[in-house]
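> here's a sequence, model it:
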Amino acid sequence: MKTRILTVCIHNSARSQMAEELLRKELGETAEVLSAGIEPGSLNPAVVELLKEDGIDIEGKGTKSVFELQAAGRAFDYVIAVCDPEAAEKCPIFPAEKQRLHWPFPDPSQATGTMEEKIAAIRPIKDQIHKKVSEFCAELRSGAAPE
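Residues are numbered from 1 along each chain as shown. Here you go, the predicted model:
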C-alpha cells in the first residue's frame with residue numbers, strides 16, 4: 001500500500017508545490033503525493049523554472065483547495081504544512097492518519113525583481129525544502145517516524 005502524503009500552504013503556488021514534486025521524485029511509485037492550499041492561487045512562475053532545474057515540469061499544473069480534498073473524503077498518512085512561521089495561524093489544518101508535520105519555510109511570494117532575481121531569491125528556499133524532503137524520505141524508508 002502506498003504512503004499517502006499531502007503538503008499544504010496558503011496558496012498552493014510555491015512551497016507546497018515544490019515539496020509535492022520533490023517528494024514525488026524521491027519516493028516514486030511508493031507514495032501518492034498531493035499538495036493543496038487554503039486559498040489556492042496560481043503557480044509562481046519562478047518556482048516553475050526552478051523545478052525544471054531538477055528535471056520536474058509543472059508548467060500548466062493547477063492549484064488545489066484543501067477543502068475540496070477534505071470534502072472528497074481524501075485521507076492521508078502524513079500532512080505536511082510548509083507555511084512560514086509568521087503565517088502559521090492561517091496555515092491549513094487537515095487531519096492525518098499517522099502524523100501532521102510543520103516544516104516552516106519562508107514565503108517565496110515575497111521575492112521581488114526580475115525573473116532572474118526572483119529565482120535567485122527562491123532557490124535557497126527550494127534547497128531547504130529539498131533537504132527536508134530528503135531527510136523525511138530517509139526516515140520513512142528506515143521505518144523511523146518522520147519528523
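> contact partners for the most centrally placed residue in the chain?
Centroid check for the chain by CA atoms, centre = their mean gives Ser16 as the closest residue, at 2.3 Å. With contact set as CB atoms under 8 Å, 6 or more residues apart in numbering, Ser16 has these partners: 7-9, 35-37, 82. All C-beta atoms are positioned from the backbone trio N, CA, C, and that covers glycine.
> now those in CSV, with pLDDT, distance to Thr112 and secondary structure?
CSV is the format used below for the contacts of Ser16 (pLDDT from 0 to 100; distance: CB to CB, whole Å; DSSP: H, G, I helix; E, B strand; the rest coil):
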residue, pLDDT, distance to Thr112, secondary structure
Thr7, 94, 25, strand
Val8, 90, 25, strand
Cys9, 89, 19, strand
Ser35, 95, 24, strand
Ala36, 93, 26, strand
Gly37, 89, 21, strand
Val82, 93, 21, coil
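> Leu6 contacts Val82, doesn't it?
No: using CB atoms under 8 Å, Leu6 is not in contact with Val82, being 10.8 Å away.
> of the contacts of Ser16, which is the nearest to Leu22?
Distances from Leu22 to the contacts of Ser16, taken as CB to CB, are shortest for Thr7 (9.4 Å).
> how much space separates that closest one from Glu116?
Using CB to CB, to the nearest Å, one gets 27 Å for the distance from Thr7 to Glu116.
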